[in-house]
Every structure is written in structure tokens, then in C-alpha cells.
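Student: I'd like to go over a predicted model; first the sequence, then the structure.
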Amino acid sequence: MKASPEKTAAFICHCSGNISDHIDIRSLKNALKAGGISVFDFEYLCSSQGQALIKDRISRHSFEKVVIGSCTPSKHGQLFKKCVRDAGLNPAMLEIANLREQCAWVHPEVSEATEKALSVLKGKIRRLEKAEPMDAVVINIRQKALVIGGGIAGIAAALSLADNGIPVYLIEKNTSIGGQMAKIGKIFSPDKLAEECAMCSLSPLMNEVASHPAITLITSAEIENLSGSSGNFTVKVRKNPRYVLDSCVACSRCSNVCPVLMENEFNCGHKDRKAISLRFSQSVPKTYAIDPGHCLELGGKKEGESCGKCVDACRVGAIDLGQQPEVLELEVGAIVVATGFEEYDCSLKPQYGYGIFENVVTQTELARILGLNGPTRGKLMRPSDNKEGFPANNIQENKIQENKIQENKIQENNLQENHVSTPEVPKRIVMIQCVGSRDEKAGGNPYCSRYCCMAALKHANLIRKKYPETEVTICYIDMRAFGLYENYYRAVQDMGVKFLRGRPAEVIEKGDKSLVVRVEDTLKQELLELPADLVVLSAAMVPSEGTQEIARTLNLSQDESGFIKEKHSKLKPVDSSTEGIFVCGTAQSPKDITDTISQAGLAAARARAYITNSPRTLEHELASVNPLLCNGCGKCQACPFEALSLNENGRIVVDPLLCTGCGYCVELCEREAVRVTGFTAQELLAEIDGVLEEGDLLTFVNSGIAYLTCDNIGNSVLSYPANVKTVKVPTNLVVSLEMLEHAFKKGATAVLMLEDAPDNPKAETIHPFAVEHFEKLKTRLGENGKRLYFKKAYVPNTKGLAETFTLLAGES
Amino acid sequence: MKKMEDIPDRKLLLFKSCMVSQEYPGIEKATKYLFDRLGIDYFVSEEQSCCTGIGHYVDLYGQLTTTAIAARNFAVARKCGYPNIACMCSTCYAINKEACELLNGNEEVRAQVNSVFREKGLEDLVYAKGDLDERTNIFHVLEVIFSKKELLTEMTEVDFSGLKAAAHHACHYYKFRPEDMIGNPENPRLIDGVAGACGADMLRWYEDRSLTCGMGFAQLHIHKDTSLKVTQTKLESLRKAGVELLLHMCPNCHIQYDRCQPVIEKEFGSEYDFVHMNIAQFAALALGADPYKVCGLQTHSVPLENFLEKYGII
Amino acid sequence: MTLIQIDEYDTPAGKSLAETIKASIRTPDSLGLDRCIQCGACTASCPAARFTAYNPRLLVKRVLENDRGVLEDETLWNCFYCYTCQLRCPRNNSPAKLVQVLRQLALNEGIGLENMEHFLGLGEFFAAHGISQVPEHYLGKMAEALGSSWVEFKRDLPAIRAELGLGSLDIRDERKEIRSILEGTGHFERAESLRARLKESGASEGIEENKFLNAIPGKNKSEDINLEKNGRYSGPEALIV
């Protein structure tokens, strides 16, 4: 592919003095021409006239290779690439010599700057001699998305994707979508001091999901397995039978005749649900479902028993007891995980009596008690008083005796006879914050759960409004009413809710089932025993079982608490560890509804961008494997981005969507079968040959942050000696012993490897490998190893980098 | 959290307790009786000393002294070939655990302790890192008994059905090293498990179940009124709950409840109709052991005769 | 004034109370002292706080403020060492361990010595027998409180132990290992210096004549229970068979 000099052209931009005032363009041209290169210069190559000039000259003279001496390639690199492509050249045949930021602006002496500019151009010309045309990699992304989890996060993400024209599958484990938000009764937003009906906000969205032409809703379903590669996932979904066909008209006849009353998970275990039922009255889809574990016909049948009453009652023949599970295979381009949270199991903190004393409940349970569709139809009462509220009270009592409290509660037995059973509204309610949150002890979680202070405020306020006689005390460590929520906090304070700063030690039950909370009021320094009719625990938010399962099934990184870990908390807040899989809502970390919906929108936007960027032409440097040299040893599969894998034919293949072109695999391969296109050893050696002169400091610069930092030295009007020569590399992992030895042989006084600081997801992964690589090279260089240096580049630290250049360039 | 399967039943050094020896020797005898019946391989050494607990927790001995004494006892265990230490007293348990952790984890302390041994010509006592493991070599005897509770149920001869008993777990067992105990430290169930296996009905919750017995080492002596007030509070809580028998696992608690109950009755003008026992004494009784010749109940201040008669033991 | 022998393992020199406490071998490296958020879970759980003016949360606060006045706070001596604070602390702090170091620091400065008076002889007894007992002074008090049945029991202990098949109370310690260890780790020096300082301070109660036996009506069997000449019951030493 070697082009003769006369087939190579150099274009030099004056940048209206930015370059031409500091570099003697004429002598530059002469020197290049002496080497047989055609040279053109122009005031502004980036202008339309400039671009026309480039295209015209290439076509007119049939140039095969082009060097453009101009500003940094990060500024107009893409533009010039388009230019040469338009002129019929492969973009690999273009090199850009950075004559502005890394030459004209940093070397005040014209003669030095000119000399340096010449060497940079020569380096690029030599490099082009070894260049090979690059085939653009084109990927087709499947034009469908999958959203896992039908809570508010999944609903918001699915609607956002669908409204933006992406067909979506929405998978929900339960028989209805709605998630936790369906349970909580009331919501409020920071700008309003009023509580609103949660279902009134949620229900229209749920219905929209059901009716949206671009959304395929699959309920009672779970993800079994994921295969394929990013952009082309195959997801195996198991759809469990609901034993009721879509023809169900939700008339409730079946439920009315069903003899089986069971614990209602939706109502926090209250026994007010039939074995055939809707999850809640606003369920979507509005199709009844049978719980096979409790239905007498399907699972709970004792010998000789049979039922089938619902089948007889149904007038549309919608009940199908023979329904079998189905396995579906979905092909999608991107996935959004929105599998949510569950409430911390407060029985892990027995000192607060949850699961032991009837009148200790969680905030979610209180929400159900306050909910109009809850176990008490919205009437605030103690669970121990709830004799009328539950149709199934007797059964529940038995249940408690059987399972919940096997131990003999003597005090209870002694005093039960005296107990007056007129259910009264609890007069004293104590809320305990941070149960399972901010707790280093075994069974606790170190983090703040973020929502609980607000949930406690909301419930306290609701109770105070509806039952002004009831006193509510919130025991807190710190009230965290972040952002505008502070307004609501103030309003709740005005409602007469009591705030007590202290973490309670324990909850004690008295004979009449009332409770006592032992706590120190740390502001008054008083040890108190607060009497309470009802104690409400603000339980931590923990990743749901579904979230934990999906992380395992999809092989996603989790944090120490089990939440799905984002790639970068600031820069990639919704990207999971796998390309093309995004995460939002409480599956990612504890958050409230507002933040969940915002994050769901971002996840949908990211997923949509991922999908619609198709067919995708990948132009960045990628690893490629020479099948003639590769023996399939598989060592390169240690790729930290998991971009290399053995296919079914025993061949190593590169997933272009995962490959970052870092070059780690180049070093791993013992047969030199792997290389990074555009950065082969031959190309880099040629560039070194061209650019390097005796007494130079050679710097290999990572093309990311490090290169940007070098440019910023120029932007900051700082300077460094002109014998600092840079060679851009995807990462320093492509730098080989041969290159270093060659550089020292050519007279380099020192070599610096400049890497990105590990402050972004890619650099975080690469940095440790780069350090290891550097140390290995240093050892292998022997005596010369003393002259090899490594530095981390930070964008703001331009001055520091310029000083390092000056220091190292002065060594000889 | 420790698992029950991790409790050894072989090579146990039954670690004598000063307060058991001097106040309730029946606890030691009952423990040996249980160990024999349950087929546990144990040994009692004449050389094993006091753990320093009493002096340590009245702020007399420094941690270095305590650790060196523990190292000596560990050498005793090692030399007799019974390296699994099983304590009858929860303070011995706490002291030994803490000392063992220091010896393994703090090189400076280990070196200093060993240099004292060498200086005094006691080379054979020198402790090498990892000689004992604080998690897998140091236990409370209750854990050993608890791990055999199914056997206890099979072997129980006395019918305790209807007995309303409550447990007082020792602070220096479950609060001192919560991460090492069996079960949730906020809900210790070892005594309940063993007594339940022997047929007692255990009261799970009473108001002051997590309150200390009140002994507080120096407190009983230097702040006697407060100490007894705590104990009285505890006794009141048990009275309200209608308990017949309080079971404990530490001789210090035992002294505080059994010895002090009559004193408290006198000083506070209250009356308590419940009795006290160490869980080993109770389990031995259930298995048919003699209340006096094995369980040593004659050493108690609160007489147990009514109780023993009620359940047909005497 | 006698200088009190300082145990550098318990109370290493430090720039502040907190530094000393963290460096003390009585506290683990994982101690969450600096992470304290003053939530009060310790105080709410504390038996001493419930019945006395002791407040572990406040104590931690004063330590973090490096308020050395805390060493003179008499409530320091109210802690039961029951470790409920440690069990409940969400930050893995341990006021109970903190107090142990604070009491040693107080003793270093000659504060609170009166609380130690009757315990200072425990080491001698331990060295001689290999076991520990409640100090004589308090045994006497116990006898007063518990009355004749207990005194009788104490008298009968050797026989009871024999019946139960239990061996000697004293341990076998031919090489006087216990004494060597107490010596080698500096126990006697410190106990001696505490005793001397206490004497100088004049706060000592002195060893009073113990009249408990006379207090027991109808019982005057001093000869039966091996009393020493001064009429004091001296504990198990006298009971060893």
C-alpha cells in the first residue's frame, strides 16, 4: 500500500495567524516539497472554501494519502475525514498534524516551532506509508426494547420509549403492573403542600400502557435467560399461567364464589383475598388470576376434595384450569431494568418488636391501613383492634396462633379477658426512622434510604389532618428533607407533629397491647418512655428479590447492598455494566417517585439512542484478529470489556460494540495475531521514526483525557520546550518494548507514558492495566527503564503537565 | 452469625469459673453430668486459672495482664490437647474471646506477652499467632448443650409441661460479641431452645428482657442501691409476666438474682414467687439428675423445694 | 505524691482523649468513635442512664470535644459494662469500652481511687490461689446482707464440693506462673502505686472491723467457719480442703 511521495499531499492551515504567526509556513512548505510531497496552504482549511480546496486538489492530482496540518483533530477531525471520504479516499488515508494546540501555541520561538511542526508532519507522512484502508464496521441494532418490571419506573420507561417510536415489551412478575406505588395511597410533590391520590396519577399511566400500540405487556412473567450480544439480545421469558383467559370481563362472579381466603401480599399479608382475584381493583390487565398454591382445584386440594366453583360461575368461559406455562423468546436491541425495591424485613431488628407485637407496623403497612382499598377501608386503627375491618378476622387469628407467635405470650393471655374491644382511633403514634438504614450492625444497611423521612412526614400529616386528636411523634436521627421537600417538612411541623431527635433503643408491649418506646431526646437530654398505641417503623429500602435475581440472570454488577450498579455515578448514571442494558428506579439505588420517573426517562432516552443509532458505523479504533495467525488459545478473552470471545467454530471474534480499542489484547496475544487497527506497531514505529530527533522527549499520549489535557496547555497560553514530541495512542497498552527500544536507539532522552486519570468508566478499567504494563516495560528495558516515566493526566492540571514536560525535556 | 453446626463436641476444655466454684458448684457438676449424658468429650484442668474477669471488670487488671493470663490458659488447653474452650461463665467467655483476638491480631501485644513469658522462664506458654481461633475455639457451654437439644428432648424424663419459664441471656455472651453468637443478638434464643427442648414453655418477651441483671461487677459493691434497683426492675418485669422460673447462663447473674432476691424483697418490700436456675442445672434436672447431689440446688438462696415438688422431682 | 504507674497499653499517650482511646488495646481498630452521630441509642439502652445521671452519648460527645473534665465526672463509675450500648450503636462505637479507658485515665490522675480501694488486693489473692474471689470487705457486706444461711453455706462449701465430686478450688501452679505474669505485666506496681496514692489522699476508708457475724442473731460460730483472728470472714482461702 506504500504510496509514492508524489501521491501524498500536505495541506497546511494558517488559522488566520494562529498558526502562521508562530510557524514559518514558507520554510515548512519548502522542506516538505524537497521530500517530494505536494503542499498546499490556505487561510482557513475548515471554511467551505478550504474544504473545497482539499477535495479539489485530491481529485485533481489523484492523491492517495493526505496529511492536514491544522488545529487539534478533536476540533475538525470529523470534518476533514468527511472531506477526504467525499473525495473518494478511505478515511484511514488521512492524518492530522496538530500544528496549533501542540505546536504553534506552546513554542514561542518561531524557529523552534517551525522545526517541531516539520517533524510532526514528517511523522504523519511516515505513518501514512504504513496505513491500510479501514473497513467501516456496520452493526444493525434490533429496533425493539425490553423493559423489565412494571412499577412506576418500568411504566415510565416503557411509555417514554413507546412514545418515541420504539416498540417495547414490558415484563411484570405479578399479575398486574403498578408496583409499590399502587400500594402507597397518597403522594405529594415538593411544590405542593397537599397529598394527592397516588392511584389517580398511576392508574391512567397503567391504562395507557395497556392500550399503547407500541407496548406489548406480558404479566405473570419472569426472565429466564439472556443470550446474544449487545444490540442483539435474545431474552427467554417464562410466562406463568394465570388460569384466566383474556376474555375475562372482571365481573367478580368467580371471586364471589371462591371459598378460599388467603393472605393478601398486596395488603401486607392481611387475609382478605380470594384464591381467584384481581391484585387490586385498578389492576392492569384487568383480568382475574388464580393463585395455584391456594386454589383447591390446582394445588391446595386435599384428598377427595374438589371445587371448580369459579369455572361454573364464569359466564364467558374465561377460566382455563389447564393453562400451562409458556416460554417466549424476545429479540431486542436494548433492555431497561426497573425491578424495584422491597421494604426491609424489620423482624431482623427484634428490639422494635415487628412481627412480635401486633401494633408495630411499617410505613407501607400504615399506607395500606390509610388506603381506602386497604384492610380497614381507610380507617386508622390498631391491627389488634381490627376485628370488624377484616372479613376474615377469625381465620387470621388462627393463623397467628399457628405460625406467627408460637411462643406462649403469658402477659397477653392474662390480660386478654379485660381487654375492651371497641376499636378506637389510636391516640398516640410513634414513628421510628432509619430502621435498617444507616445501620452498620449485622442485618442493617449502611446507606440512607432517602424516601423514609418524607414517607413519615406524609403519613404524620395525613393522620394529623384527619384525626387531630391523634398525637404523632417522629423519632429521627437527622430529618433529611432534601431540596424543596424542606417546604413540606416545615408545613408538617406547623401541623403539630412532634419531632424527637433520638434513635430508639427498643419497643415494649404492655398488657393492653399498647406499646412503649424507649428513647433519649438528645436535644433535651431526657431519657423517655413514650407510650404509643401504634408504632410505625420507617423501614429501609432494599433491592427487591426480583432485582437480585435479574442481576444474576443478566450478569450485571451490583453494589455491596445488592442494588444494580451503574457504570459511573455521574457520567453514566443509568448504564449498567453491560452495554445496551440500562437501569432505573429503585433497582439502582433508593429513591423517591419523582427521582424514579426522572431516571426512567433518562434510561429510556439512553436505550432509544442506543437502538436508533442503527445501522451503526463504527469508526473508532477496534481490535482485529488475524485468523491466519490466531490459534484460538483464548488468552485474549481476558479483555476487561469482554469484547473478545470464542465463537462456536473455535474462532476468536471481536464484538465491535464492546471493544474500546484499548489494546490490552495486543499484549496478551503471543502470536501477534491481534492488533488495533490504525495503531499497529508498524504505523507507530514509522511515526516515531518521522517525529523523533536526538535529544527529544517522546510522549505517548492517550487519545482521551490525556490528549485533551495536552491541547489545553496550548489553550492556556503555557509553553514547554519544542523537543517534546507526542505520539497519540488509543491507550498506552499498545506501546511495546520494541517501540521504546527503537525510541531510545533513535536518541530519545526519555519516554513518558501519559494516561487518562481513572476518573471515568473506561479509564477506571484501563488504568490498573496501564500501570502494570508500564512497570513491566520499565523492568524489561533494563538500564533504559530509568528513563521511562508514567503520568496520569487530569484536564484541569495543564500547568502541572507543562511543568512535567519541561522537567523531563531538560534531562539529557 | 455463628452456625450451630460449627459447635464442636470433641476436645472441649470445660473452663472452670471462680463464681461457679465458690457460689454455685452445682452448675459445674450439672454441666459435667449433661456432657457425660450427651457424649461430649471434655476435660477439666487443675492448672486452668481464673480468667481475671472479676479484677478486669472492676478496672484493676490492665488488658495486657488479662491477655497474658488468657495466653497461659490457652497454653493449658493446648498442652492437655483440649483446645476447644467451653466457658460456664459469660465473662470468662468474653475475656477469652477478646484476649484471643488481641493475641492473634495485635503483634505488639503478642510480642509483649511472649517476652514476659520468656523473661520469667515460661517459654512453654509462648503464644504463636493462630494457636487458638477466637471464633472456632472459644464457646459458652450453653452453645454446646444447645447444639444437642434434639438429644435432650429424647432423654428428658421430667414432665415440665405447663412450666412458665423465662430466659435471661448473659450480656457478656450476646452483647459483647454479637457477631459470634448463634442467632440474632437482639433476640437470643439459646436458653429458650434448651429449656424448650426439655419441655418448658418459654415466655418469649417480657418488658425488660434485654436489661442487665444489675450486677455490673463493681456496681454491686460500690453502687449497691442502683445495682439492686436494676435487679428489682428486672424481677418486677418477670413478676408481671407471671414467670415461675428464670433461667440464666452466668454465675454472676445467678448471684444477682438468687442471692439478692431475698435482699430486694426486704429492701423494696416486694415479694417474688419465682425461682432461679442455671440452664445446665435445669437441663440436668430434666434428664433426671439429682437436684442436690448433681445440681447442687442446696446452695441457692431462693429455696427450690416447692418448685421441685410441683414437678414431682422430690 | 506517689506517681501512679501508667499502663501504656491501656492508656497510650495521645494528642487527645479520642486518640488515646483509639490507640488503647482495650478498643478494637474497628471502633466507630469518630463516626458517632449522637443518636442516643446508647443512652436509651443503658441501665445506668435509666437509674442514674450517667449518659453514654454525652460521654462520647465530651470525649470527641476532648473535654478532660470528663475524667472527673463521677457518673463515669456508674457503667455496668453490660455492653448494651455497643450492641445497639449503629456506628459500631462502644461507649462501654470507651469508659474502661476513661476510668484508667482517671485513675492515672488519681481520680476515683476510692472506687478501687477494696479491689486492690485481688491480685495478691489471685497470685496465691490462681482463682479470684469477691474482696474480703465486700464478702463481709454480703454476709451482712444475705444473712446466716449464706454464711452457713460458705461454711459447708468444702463438704458440698466434695459431695459433688469437685476438686480443689486452688489451681495447680507449681512454678508460680500467675505471680510471674502479674509481675511481668506490671500489675503489682500499678496496684501498689494506686494504693499509696489513695493513702496519701486520705480518701481511704481503711480496713474496718467487720462485725457481720455479730449482726446475725443467734449465730456466733466463728470457730466453725474458720474465721481469722480479727473476726473477718476471709473467703475461700480458709475453705480450701
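Tutor: Cool, the structure landed. Numbering: from 1, shown residues only, chains lettered A, B, ... in the order given.
Student: shaky segments in the stretch 351-500 of chain A?
Tutor: A:387-423 (pLDDT under 70).
Student: what's the answer for the stretch 1-150 of chain B, then?
Tutor: Looking at the stretch 1-150 of chain B by pLDDT under 70, you get B:1.
Student: not counting sequence-adjacent ones, nearest residue to C:E163?
Tutor: Distances taken as CB to CB, 6 or more residues apart in numbering or on different chains place B:K293 nearest to C:E163, at 6.3 Å, with adjacent residues excluded. Bear in mind the C-beta positions are built from the backbone N, C-alpha and C, glycine included.
Student: SS state for the one you found?
Tutor: Secondary structure, DSSP: H, G, I helix; E, B strand; the rest coil: B:K293 is coil.
Student: now it: how far from chain A?
Tutor: Using CB to the nearest CB, to the nearest Å, we find B:K293 at a distance of 32 Å from chain A.
Student: got a pLDDT number for that residue?
Tutor: In this model, B:K293 is scored at 96, pLDDT.
Student: run a quick neighbour tally on it.
Tutor: By the criterion of other CB atoms under 10 Å in any protein chain shown, B:K293 has 16 neighbours.
Student: next one: the one 10 residues further on
Tutor: The burial count assigned to B:P303 is 13, neighbours taken as other CB under 10 Å.
Student: cool, the one 3 residues further on as well?
Tutor: Residues within reach of B:N306, counting by other CB under 10 Å, total 11.
Student: how about the contacts made by it?
Tutor: B:N306 is in contact with B:V275, counting by CB atoms under 8 Å, 6 or more residues apart in numbering or on different chains.
Student: ok, back up a step: phi and psi next, for the residue nearest to C:E163.
Tutor: phi -70, psi -20 (degrees, to the nearest 10).
Student: what about it, distance to B:A30?
Tutor: 10 Å (CB to CB, to the nearest Å).
Student: do the same with A:M753
Tutor: Counting by CB to CB, the gap from A:M753 to B:A30 is 73 Å.
Student: which one's more surrounded, these two?
Tutor: Neighbour count, other CB under 10 Å: between A:M753 and B:A30, B:A30 has more, with 30 against 26.
Student: isn't the more buried one right next to B:A286, touching?
Tutor: No - between B:A30 and B:A286 there is no contact under CB atoms under 8 Å: 10.6 Å.
Student: ok, the closest residue to C:M116 other than its chain neighbours - contacts?
Tutor: Nearest non-adjacent residue to C:M116, counting by CB to CB, 6+ apart: C:L194, 6.1 Å away. C:L194 sits next to C:I4, C:L107, C:L113, C:M116, C:L120 when contact means CB under 8 Å, 6+ apart.
Student: now with 10 Å, please.
Tutor: For C:L194, the contact set (CB atoms under 10 Å, 6 or more residues apart in numbering or on different chains) comprises B:L60, C:T2, C:I4, C:Q5, C:L107, C:N108, C:G110, C:L113, C:M116, C:E117, C:F119, C:L120.
Student: what about A:Q324, how many neighbours?
Tutor: 8.
Student: with the one 10 residues further on instead?
Tutor: Under the neighbour criterion other CB under 10 Å, A:A334 is assigned a count of 30.
Student: which residue, neighbours along the chain excluded, lies closest to it?
Tutor: Leaving aside its sequence neighbours, A:A334 sits nearest to A:A607 (CB to CB, 6+ apart; 4.1 Å).
Student: which strand or helix spans that neighbour?
Tutor: In this assignment (DSSP states H and E), A:A607 forms part of helix A:593-612.
Student: now do A:A455
Tutor: Assigned by DSSP H and E, A:A455 falls in helix A:452-466.
Student: quick one: the helices in the stretch 51-200 of chain B?
Tutor: Ranges of helices in the stretch 51-200 of chain B, per DSSP state H, counting those that start in this stretch, are B:53-57, B:63-79, B:90-105, B:107-119, B:141-146, B:149-155, B:171-174, B:190-197.
Student: which of these sits closest to chain A?
Tutor: Comparison of those against chain A by CB to the nearest CB identifies helix B:190-197 as nearest, at 7.9 Å.
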